[in-house]
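In: Below are the sequence and a predicted model for it; my questions follow.
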Amino acid sequence: MSYNFENVFRALANALASLLHPKMLALVLWPVLLALVIWGGLVFWFWHDWVNSASAFLASTSVDSFLLRFEIHGLAAYLAVILALLLLFPCILITALLVAFSHRHAHHGEACDGTRLSRAGKEGRRDGDGQYYGMRWWRWWCL
């Protein structure tokens, strides 16, 4: 029994092409880049405090005595940096999810020009100037 996978491969190629569309890339990358900028600024100002806190935490656990026993106490400084980075990565991802959710929540049912899209088609109508000008705040999210 022979299967014709031409349609499957065509569908996969279309999916890949739509995934690499610039608007789709912007929707995926924009929240991550914004979260990286936010947390990059926080790292710039608070990195030494975070590493010192992680180092103090490691010193209060049995890791410090373990490293002293094998005379590799200098490794504790590297472990503090690794611990700070491991705590930072989930914070970046959660922030990116919150940014993406706020973007989706702000544009639910809205076009980028502030018109409300009807369910019947692509025709839009203005719901009033307040809604239009309120959505202009979010306009920089749209491409």
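Out: In hand now; what should we look at?
In: The protein: strands as residue ranges?
Out: In the chain, the strands defined using DSSP state E lie at 116-117, 124-125.
In: what mean pLDDT would you report for the last one?
Out: It refers to strand 124-125. Average pLDDT, strand 124-125: 48.
In: One more: the first one?
Out: Taken as a whole, strand 116-117 carries a mean pLDDT of 50.
In: Begin at 22, not 1, for the rest of this chat.
Out: Let's use 22 as the start, then, which means that last one is strand 137-138.
In: Which other helices and strands does the longest helix seen in the chain contact?
Out: In the chain, with assignment by DSSP state H, the single longest helix is helix 43-81. With contacts taken as 3 or more CB pairs under 8 Å, 6 or more residues apart in numbering; DSSP states H and E, helix 43-81 sits against helix 96-127. Heads up, the C-betas are built off the backbone N, CA and C, glycines and all.
In: Sketch out the low-pLDDT regions of this structure for me.
Out: 22-23, 124-164 (pLDDT under 70).
In: List the buried residues for the longest helix of the chain?
Out: Within helix 43-81, the residues that count as buried by 16 or more other CB atoms under 10 Å are L48, W51, P52, V53, L55, A56, W60, W71, V72, A75, S76, L79.
In: Format those as TSV; extra columns: distance to L109.
Out: Output for these, formatted as TSV (distance: CB to CB, whole Å):
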residue	distance to L109
L48	24
W51	20
P52	17
V53	14
L55	16
A56	11
W60	7
W71	8
V72	11
A75	10
S76	15
L79	16
